[in-house]
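Peer 1: Give me the fold of what follows.
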Amino acid sequence: MAGDYKSFGDFFKSLRKKKRITLREFCIKASADPANISRLERAAMPAPQDTEILERYAKALGIKVGSDDWYTFFDLAAADRGIIPKDLLDDHEVVRMLPAFFRTLRGQKPTVEEMTKLADRIRKG
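Peer 2: Numbering: from 1, shown residues only. Take a look at the predicted model:
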């Protein structure tokens, strides 16, 4: 299901609809407020910051832990809040490569050393 989504809310809503779960049914399963979930799906409210809340929502949506949808769900939630996912920040080697990655995204050329390190990291995967 991971794909081209504009926001966390867009992905959230598409998962809910794909699984044919109404907004009210989801809110009952996840102990969530329908008004807040509606705002979340419309991107009128940012994704929750609390990992426990995100896990509760993921479970209510039937997302399997470790699946592509699981990572997309948590990665989009982090991006929605303008942060880098915590599991990536815990990896010091990944953090050291972030400046080269950001420069590449901006269309700036990283150094040969940075590209080599990044390629090695990707190969080790």
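Peer 1: When you work out contacts or count neighbours from here on, use the C-alpha atoms and nothing else.
Peer 2: Noted.
Peer 1: roughly how far apart are the most centrally placed residue in the chain and Phe11?
Peer 2: Nearest residue to the geometric centre of the chain (C-alpha atoms, centre = their mean): Asp75, 1.7 Å. Computed with C-alpha to C-alpha, to the nearest Å, the distance linking Asp75 and Phe11 is 11 Å.
Peer 1: Same check on Asp69?
Peer 2: Applying C-alpha to C-alpha to Asp69 and Phe11 gives a distance of 9 Å.
Peer 1: State the phi and psi torsions of Pro110.
Peer 2: phi -70, psi 160 (degrees, to the nearest 10).
Peer 1: Next one: it, what pLDDT does it get?
Peer 2: Looking at Pro110, its pLDDT is 75.
Peer 1: ditto for Pro85
Peer 2: 85.
Peer 1: Which residue comes closest to it once chain neighbours are left out?
Peer 2: Once flanking residues are discounted, Pro85 sits nearest to Ala78: 5.6 Å by C-alpha to C-alpha, 6 or more residues apart in numbering.
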